[in-house]
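> below is the sequence, then the predicted model.
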Amino acid sequence: MNINNKDVIQSYIMSTAKYDFSADEKRILLRLVETWQYLLEGKELKGKIDRDLFGGYILEFPISYFVPDNQTNYKRIKDALRSLNDKKFEYEDSNLWEIIRIIERPQIRKREKVIFELNEKIVECFLNFTKGYRKFELETALSFSSVYAVRFYELMSGQTTPLTFTFTKLKEMFQLTDKYPRTPDFIKRVIEPAKRELDEKSPFSFEYRYKEPDMKDGKKFYKIMFYPIAIPRNRDEHVERKDLLSQKVNLSAFLDKVDREYLAKLGFSDRQIKNNYDLILSAKKELDLVYELSLLIGKVRGKKNPQGYVISTLKGKLKDKKIK
């Protein structure tokens, strides 16, 4: 058990974006996820963040923040920063395709600190929770030796329904388009090693199976379905206890002012909103949340449990939408 371990929340945009990072590069990005969570929670930062004249961010962190076990391996840090400076973050959904440089102008002041700049666009990806989020243990994510284990950990954490990808899509996400042309090789070199690490270390893992190939333009597109599995014995009891005792994520990171005002009118406390994060976020994503809540304001009068009525109604609306 690591008393410094904690749950962090990462936007689903970051979890599903196309990138290929080394373990050291991913360590830097996970530390950035932690940093933005500190900001959302109003906690003291491990480093320093300033804004430049063009809206970007200048970050300073102690060197120890980015290396395991208090090592001071400047070559590893330099290699990771150099590579991140060369790489770009590619994101695509149904409305947008965009490429963003990961970091800019990295510096190391030896025996002191690391400094680099972030474009405001990449920060938006860290903080954009409108398409959902993944919550996972930071120290567990940092412990994986395989960067693919980290990717699957991000995807499977808290997941309750199967995820389906074509092999083409999965290889694009992991930036492995030009590797492992044979599906069995991709499974052997990427999926199976990741699964073994998750089974050993993670509170979330998966089983998987092939689906029949779809035909498009005369080509076969093989799909693979991942079934999430919870492994309670791998959950950090210290983190679980903290999670149950206090959920302090700033609501404004997930819900706008109007959403919160309507929920307040329906009698929801901040605690009740946090206890129903998944449902409310799903309703915000799949439904017109404000409209649905406005319809319920008159209906909850006289109800013994108005909040329970709202929750039940939203669940029914989401269920009906899935059936259609």
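Right, received. Where do you want to start?
> from now on I want contacts and neighbour counts done on CA atoms only, so please keep to that.
Fine.
> K265 touches I297, doesn't it?
Yes: using CA atoms under 8 Å, K265 is in contact with I297, at 7.3 Å.
> now the helices: where do they sit in the stretch 1-150 of the chain?
12-16, 23-41, 74-86, 120-127, 138-143, 147-156 (DSSP state H, counting those that start in this stretch).
> need the winner for burial among the ones you listed.
helix 147-156 (a mean of 24; mean count of other CA atoms under 10 Å).
> in CSV, could you pull the C-alpha coordinates for it?
Coordinates of each C-alpha in helix 147-156 appear next as CSV, following Å, rounded to 0.1, in the frame of the first residue of the first chain:
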residue,chain,number,x,y,z
VAL,A,147,3.1,1.5,-21.9
TYR,A,148,0.3,-0.6,-23.5
ALA,A,149,-0.7,-1.8,-20.1
VAL,A,150,-1.1,1.9,-19.1
ARG,A,151,-3.3,2.5,-22.2
PHE,A,152,-5.6,-0.5,-21.4
TYR,A,153,-5.6,0.5,-17.7
GLU,A,154,-6.9,4.0,-18.7
LEU,A,155,-9.5,2.5,-21.0
MET,A,156,-10.8,-0.2,-18.6
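> right, and the helix or strand after the helix or strand bottoming out on mean pLDDT in the chain?
Lowest by mean pLDDT, DSSP states H and E among the helices and strands of the chain is helix 237-245, with a mean of 47. Using DSSP states H and E, the next helix or strand after helix 237-245 towards the C-terminus is helix 257-265.
> what lies in contact with that following helix?
With CA atoms under 8 Å, 6 or more residues apart in numbering as the test, helix 257-265 has contacts from 273, 289-290, 293-294, 297.
> can you put the helices of the stretch 1-150 of the chain in CSV and add mean pLDDT and distance to D259?
Listed next are those as CSV, based on pLDDT from 0 to 100; distance: least, CA to CA, whole Å:
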stretch, mean pLDDT, distance to D259
helix 12-16, 56, 20
helix 23-41, 76, 18
helix 74-86, 85, 37
helix 120-127, 70, 18
helix 138-143, 67, 29
helix 147-156, 84, 27
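> could you say which one of those comes nearest to I58?
helix 120-127 (10.3 Å; CA to CA).
> related to what we said a few turns ago, now the helices of the stretch 1-150 of the chain as TSV including distance to P181?
Output for the helices of the stretch 1-150 of the chain, formatted as TSV (distance: least, CA to CA, whole Å):
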stretch	distance to P181
helix 12-16	21
helix 23-41	23
helix 74-86	25
helix 120-127	31
helix 138-143	28
helix 147-156	17
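> for those helices, which one sits closest to F204?
F204 lies closest to helix 147-156 among these, at 6.1 Å (CA to CA).
> tilt between the closest one and helix 23-41?
30 degrees (axes from the mean of the first three to the mean of the last three CA atoms, to 10 degrees).
> any regions of the protein where pLDDT drops low?
1-20, 40-43, 68-73, 91-93, 124-141, 211-221, 236-254, 323-324 (pLDDT under 70).
> all strands of the stretch 101-250 of the chain, in order?
Using DSSP state E, counting those that start in this stretch, the strands of the stretch 101-250 of the chain run over 104-109, 113-118, 133-137, 163-166, 204-216, 219-230.
> quick one on the thing from earlier: would you reformat the contacts of helix 257-265 as CSV and include neighbour count and secondary structure?
Below are the contacts of helix 257-265 laid out as CSV (neighbours: other CA atoms under 10 Å; DSSP: H, G, I helix; E, B strand; the rest coil):
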residue, neighbour count, secondary structure
I273, 19, helix
L289, 19, helix
V290, 17, helix
L293, 18, helix
S294, 14, helix
I297, 16, coil
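> residues near the residue lying closest to I115 once chain neighbours are set aside, how many?
Distance criterion CA to CA, 6 or more residues apart in numbering; nearest residue to I115, sequence neighbours excluded, is E60 at 4.5 Å. Residues near E60, counting by other CA atoms under 10 Å, number 20.
> ok, the one 4 residues further on next?
The local packing count at S64 equals 16, with neighbours defined by other CA under 10 Å.
> roughly how far does it sit from K304?
Separation of S64 from K304 (CA to CA, to the nearest Å): 54 Å.
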